[in-house]
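Colleague: let me see the structure of the following:
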Amino acid sequence: MGTIWSNEFKPDLSSKVGPKYRRVADTIRQAIEEGALCIGTKLPPVRELAYQLNITPGTVARAYTILTDAGLLQAEVGRGTFVAEPQTNVPDDVWSRQLHLLEARDPGHVSLFSPRLADVGQVSALRDAMRRVTEADPLQFLSYPTRDAYEPVRDVVANWLSDDLLGKVHPDDVVLTHGGQNGILTVFQTVLKDVPPTILVEDLSYAGFRRAAELTRAKVVGVAMDDQGILPDSFELAIRKTGAAVLCTSPEVHNPTGLFTPLERRQALVEIARRHDVQIIEDDCYRMGRPRAPGYRLLAPELAWHVTSFSKTLTPALRVGFALAPKGRGADLRRTAEYSYFGIAQPLAELTRILLADPRTPALVDKVRNEMAKYVRVAVNALGSFELVWNDSVPFLWLKLPSGWRAAAFTRAAEAQGVQIRSADEFALRDGRAPNAVRIAINGHVSIERFEDAMLRLRALLDTPPEQISV
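Modeller: Model (predicted):
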């Protein structure tokens with residue numbers, strides 16, 4: 001076959017949207033899916049196809065690269081580029097390149113909406129752990145979960161969580177939840193008593209706090225913050241004005257800004273919380289590295305609740321989280337979980353125990369962090385000339401937009417270029433004001449080359465703001 005632009009196959013690039021390289025890639029992908037291009041079909045050389053389409057060779061080469069990364073094309077040195085056979089029995093170390101269906105169907109699209117972990121061996125570890133679960137006591141597959149049945153996994157989780165952030169964790173304080181979000185909701189259901197209750201959050205904060213508040217019919221009030229987190233004076237003023245009894249915060253890795261609250265600021269907030277008997281709920285789901293300061297559970301063991309998971313360190317697919325109660329409140333937290341969902345499924349609890357007890361798992365966590373750090377450095381290399389907040393142990397970056405751009409317009413422009421990011425507006429309260437910024441998550445499901453290409457697309461937009469500011 002000399003050219004795919006033949007009498008039998010005459011695609012129309014004008015029917016596609018987006019940049020030209022995406023139109024070419026989408027057209028070839030569609031032809032493969034519909035059978036117009038069969039397995040083994042040879043595509044024309046880059047320059048020949050560029051001439052026929054009246055576009056640059058670089059545009060065609062980019063489209064070919066995207067489709068090759070997606071496994072739809074295969075390039076053979078000295079022979080050319082061919083339609084590849086469907087991949088089967090993909091080795092564990094390349095599964096992460098095939099996981100996101102949208103990106104597989106639309107190779108020009110890169111989602112940086114939420115963090116996605118690279119596979120550095122945890123898929124293989126999970127499969128091995130699942131096989132071991134199948135060999136467990138048959139009663140685990142036939143019985144309702146009980147408090148005693150969870151004791152072995154609580155012991156392992158307590159050991160896993162004990163570190164400089166939390167100190168020594170007692171198993172009786174641990175409750176397994178269906179991910180970190182369910183952990184926040186479970187704590188809310190345990191601590192919120194007033195009618196209607198009021199919770200305090202940072203002015204810019206994780207949307208999951210608001211969603212859990214909505215389910216518990218709680219009012220959400222924002223507290224002013226600076227580059228070190230919540231301002232103590234604003235915190236105390238908000239307590240006096242609202243009578244709130246709960247503060248939700250993320251001092252180690254604030255979502256979405258990535259800021260860190262130092263020890264001195266934490267101590268000041270704890271003093272105010274003690275003075276007004278305010279409970280503190282610390283969300284620690286985004287930290288991938290070691291803690292930089294003691295957590296609230298160490299600073300105020302009688303007031304602080306802690307929620308975390310291994311979604312950002314091992315896998316989000318299992319939806320397993322951990323809620324930790326303050327001293328003397330473990331029974332209350334367990335009661336909420338039992339009344340709400342009986343506890344997570346016993347086979348899932350056993351899978352968690354096997355995974356966290358495996359001596360190889362800490363090394364896997366380190367590998368995940370190191371691999372994600374490579375992507376962070378690529379992003380910093382591309383966008384570092386702009387006002388960027390980043391940490392190589394955090395799976396997202398916070399970008400303050402330059403003059404000429406508004407967050408909503410920039411996210412729309414990025415989407416038109418095939419890059420999906422979050423506007424700061426998504427983290428602001430309904431009656432609050434959002435800064436002119438965006439959050440860029442790390443996507444380890446795509447090759448680092450594709451990720452770098454997405455960063456360069458964003459940089460090109462940043463370098464060329466629109467002449468008229470749109471909102």
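Colleague: can you give me the strands for the stretch 301-450 of the chain?
Modeller: Applying DSSP state E, counting those that start in this stretch to the stretch 301-450 of the chain gives strands spanning 304-309, 321-324, 387-389, 396-400, 419-420, 422-423, 437-441.
Colleague: remind me, longest helix of this protein?
Modeller: helix 361-383 (DSSP state H).
Colleague: flag every buried residue along it.
Modeller: 361, 364-365, 368-369, 371-373, 375-376, 378-379, 382-383 (16 or more other Cβ atoms under 10 Å). From N, CA and C alone the C-beta is placed, and that goes for glycine too.
Colleague: please apply the same query to stretch 158-172.
Modeller: Ala158, Trp160, Leu161, Leu165, Leu166, Val169, Pro171.
Colleague: any weak-confidence spans in the stretch 1-150 of the chain?
Modeller: Within the stretch 1-150 of the chain, the stretches with pLDDT under 70 are 1-12, 14-18, 87-107.
Colleague: now do the SS call for Tyr286.
Modeller: Put simply, Tyr286 is coil when judged by DSSP: H, G, I helix; E, B strand; the rest coil.
Colleague: out of the buried residues of stretch 158-172, which is nearest to Ile442?
Modeller: Among the buried residues of stretch 158-172, Leu165 lies closest to Ile442 (Cβ to Cβ), at 22.0 Å.
Colleague: quick one: secondary structure of the closest one?
Modeller: Note that with three-state DSSP, the state of Leu165 is coil.
Colleague: residue nearest the centroid of the protein?
Modeller: With distances taken as Cα atoms, centre = their mean, Pro115 lies nearest the centre of the chain, 2.8 Å away.
Colleague: Pro465 - that's part of a strand, no?
Modeller: No - with three-state DSSP as the criterion, Pro465 is located in coil rather than a strand.
Colleague: got the contact list for it?
Modeller: Pro402, Ser403, Gly404, Trp405 (Cβ atoms under 8 Å, 6 or more residues apart in numbering).
Colleague: try Glu452
Modeller: Glu452 sits next to Val378, Ala382 when contact means Cβ under 8 Å, 6+ apart.
Colleague: ok, now how distant is it from Leu383?
Modeller: For Glu452, the distance to Leu383 equals 11 Å [Cβ to Cβ, to the nearest Å].
Colleague: then Val191?
Modeller: Counting by Cβ to Cβ - Val191 and Leu383 are separated by 40 Å.
Colleague: beta partners of the closest residue to His445 other than its chain neighbours?
Modeller: Counting by Cβ to Cβ, 6 or more residues apart in numbering, Arg116 is the residue found nearest to His445 once chain neighbours are left out, at 4.5 Å. Taking DSSP bridges as the rule, Arg116 bridges to Asn443.
Colleague: so how many other residues sit close to Gly35?
Modeller: For Gly35, the neighbour count with other Cβ atoms under 10 Å is 8.
Colleague: whoops, Ile272 was the one
Modeller: Neighbours of Ile272 under the rule other Cβ under 10 Å: 16.
Colleague: list the residues that contact it.
Modeller: Pro232, Phe235, Glu236, Ile239, Val278.
Colleague: where does it sit: helix, strand or coil?
Modeller: Recorded secondary structure, Ile272: helix (three-state DSSP).
Colleague: and the pLDDT for it?
Modeller: pLDDT for Ile272: 97.
Colleague: distance of it from Asn255?
Modeller: Applying Cβ to Cβ, the value for Ile272 to Asn255 is 23 Å.
Colleague: ok, Arg335 next?
Modeller: In this structure, Arg335 lies at 29 Å from Asn255, with Cβ to Cβ as the measure.
Colleague: same thing with Ser403?
Modeller: Distance from Ser403 to Asn255, by Cβ to Cβ: 26 Å.
Colleague: looking at those two, which is more packed in?
Modeller: Asn255 (22 against 7).
Colleague: how many neighbours does the nearest residue to that one once chain neighbours are set aside have?
Modeller: Nearest non-adjacent residue to Asn255, counting by Cβ to Cβ, 6+ apart: Tyr206, 4.5 Å away. Neighbours of Tyr206 under the rule other Cβ under 10 Å: 23.
Colleague: what are the phi and psi angles of Tyr206?
Modeller: With angles defined as degrees, to the nearest 10, Tyr206 sits at phi -60, psi 130.
Colleague: tell me who's in contact with it.
Modeller: Tyr206 makes contact with Ser250, Asn255, Pro256, Asp283, Phe427, according to Cβ under 8 Å, 6+ apart.
Colleague: just Ser340 next, same as before
Modeller: So, once contact is read as Cβ under 8 Å, 6+ apart, Ser340 ends up touching Thr186, Gln189.
Colleague: now swap in the one 4 residues further on and tell me
Modeller: Ile344 makes contacts with Pro145, Leu176, Thr177, His178, Val320, as judged by Cβ under 8 Å, 6+ apart.
Colleague: swap the cut-off to 7 Å and go again
Modeller: Counting by Cβ atoms under 7 Å, 6 or more residues apart in numbering, Ile344 touches Leu176, His178, Val320.
Colleague: cool, Ala63 as well?
Modeller: With Cβ under 7 Å, 6+ apart, Ala63 has these contacts: Tyr21, Val24, Ala25, Ile28.
Colleague: pick the one among the residues you listed closest to Val389.
Modeller: Distance to Val389, by Cβ to Cβ, is smallest for Tyr21 among these, at 30.8 Å.
Colleague: grab the nearest non-local neighbour of that closest one.
Modeller: Excluding the flanking residues, the one nearest Tyr21 by Cβ to Cβ, 6+ apart is Arg62, at 4.2 Å.
Colleague: so what's the gap between whichever strand or helix holds that neighbour and the chain middle?
Modeller: Arg62 is part of helix 57-69, with elements assigned from DSSP states H and E. For helix 57-69, the separation from the chain centroid amounts to 28 Å (computed by Cα atoms, centre = their mean, to the nearest Å).
Colleague: returning to what we had before: nearest to Ala304, of the buried residues of helix 361-383?
Modeller: Closest to Ala304 out of these is Val365 (24.0 Å), distances taken as Cβ to Cβ.
Colleague: roughly how far does the closest one sit from Ala345?
Modeller: Distance, Val365 to Ala345, using Cβ to Cβ: 24 Å.
Colleague: check Leu43 too.
Modeller: 48 Å.
Colleague: before we move on, what about Asp233?
Modeller: From Asp233 across to Ala345, the span is 46 Å (Cβ to Cβ).
Colleague: can you tell me the closest non-neighbouring residue to Ala194?
Modeller: That one is not Ala; residue 194 is Asp. Nearest non-adjacent residue to Asp194, counting by Cβ to Cβ, 6+ apart: Ala245, 6.7 Å away.
Colleague: give me the neighbour count for the closest residue to Gln417 other than its chain neighbours.
Modeller: In this structure, Gln417 finds its nearest non-sequential neighbour in Arg457, 4.7 Å apart by Cβ to Cβ, 6+ apart. The number of residues packed near Arg457 is 20, by other Cβ under 10 Å.
Colleague: state the pLDDT value of Arg457.
Modeller: Per-residue pLDDT puts Arg457 at 93.
Colleague: tell me which element it is part of?
Modeller: helix 448-463.
Colleague: give me the buried positions along that helix.
Modeller: Here helix 448-463 shows Arg450, Phe451, Glu452, Asp453, Ala454, Met455, Arg457, Leu458, Arg459, Leu461, Leu462 as buried, counting by 16+ other Cβ under 10 Å.
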